[in-house]
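Engineer: Fold the following.
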Amino acid sequence: MKVSIWELVKMLNLVEIGKYITKLRNEANMSQQELADALYVTHQAVSKWETGRSLPSIDVLVSLTKLFNITIDELLNCGYNLHNNDFNYLLRTYPREYVINQYVQGKIDVKFEEMFYLLSVEEREVILSHIINQHLKVPIKTIFPYLNPTERHRIIQAIKSGMITIDVGELAHMLTINELNQLTGGKRWILRK
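Structural biologist: Sure thing, here's the model as predicted:
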C-alpha cells in the first residue's frame, strides 16, 4: 500500500512532535536560537515546529536526529514506540482509526479490558465485528462483562448462529436469565461449580 506524503503528514500529530522537540531541546539545555543555529535555520522555524504549526524538512529531521542521538521514528513518534502499548496515549496521538486498525492486526498488544472502555460506540462496533468474524481472537468470556446490553445481544446472536463457538456453561454465570433463555431456547441448565 502506497501512502502519499500528505497522507503521512495527516497521520502525524504535529503538536505532539513539537512538544517532543521542545523536550529534547530543553534536555540538551539549548535555547530556540541555539537549536536554530545548530541546524542552520531561523529561530522562528524552531518556534513553528515546537508549537505544531509546521514540521522540519527531511534534511533538518535527519540533522535533529543526529543532534539528539535518536532515530527519525523516535522523533516522529515523540519518543514513543507503538509496541509500548499505552492505548490511551496512542488514541490521543495518532488517528483513532489507525490505532484501532493496528490493534485488529495484532500490532498493538493490549488487554481488551484496558482499551475497550476508551472507544466510542462506533469503534466498539468495529472491534466486535472483527471478534465475531474471527479476525480478532479475544476470548468471549473475557470480553462479555465489558459489553453493554446491545453488544451482549449481538454476541449471543453470533453464538446462536454458530459464528462463535463457545460452551454456554463458560458464560452462564455472566448471563441474565433472559440471555440464558435466548441461548438455550428456554431449556433448563444445571450449572456445576
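
Engineer: mind showing which ranges of the chain have poor pLDDT?
Structural biologist: Across the chain, the ranges flagged by pLDDT under 70 are 1-11, 80-85, 186-193.

Engineer: Outline the domain layout of this structure.
Structural biologist: For the chain, automatic domain parsing gives the domain ranges 5-76, 106-184.

Engineer: a markdown table for those, including mean neighbour count and distance to R92?
Structural biologist: Every C-beta, even on glycine, is put in place using the N, C-alpha and C of the backbone. Formatted as a markdown table, the domains of the chain follow (neighbours: other CB atoms under 10 Å; distance: least, CB to CB, whole Å):
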| stretch | mean neighbour count | distance to R92 |
| --- | --- | --- |
| domain 5-76 | 15 | 8 |
| domain 106-184 | 14 | 10 |
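
Engineer: Next, N29: phi, psi?
Structural biologist: phi 50, psi 50 (degrees, to the nearest 10).

Engineer: wait, what's in contact with the most centrally placed residue in the chain?
Structural biologist: Centrality entry for the chain: nearest residue to the mean C-alpha point is V99, 3.4 Å, by CA atoms, centre = their mean. V99 sits next to 87, 90-91, 108 when contact means CB atoms under 8 Å, 6 or more residues apart in numbering.

Engineer: and if we set it to 6 Å?
Structural biologist: By CB atoms under 6 Å, 6 or more residues apart in numbering, the contact set of V99 is 90-91.

Engineer: swap in the one 3 residues further on?
Structural biologist: The contact partners of Q102, by CB under 6 Å, 6+ apart, come to I108.

Engineer: Kindly indicate whether it is helix, strand or coil.
Structural biologist: Three-state call for Q102 (DSSP: H, G, I helix; E, B strand; the rest coil): helix.

Engineer: And it, how far from I108?
Structural biologist: 5 Å (CB to CB, to the nearest Å).

Engineer: And for P95?
Structural biologist: Distance from P95 to I108, counting by CB to CB: 14 Å.
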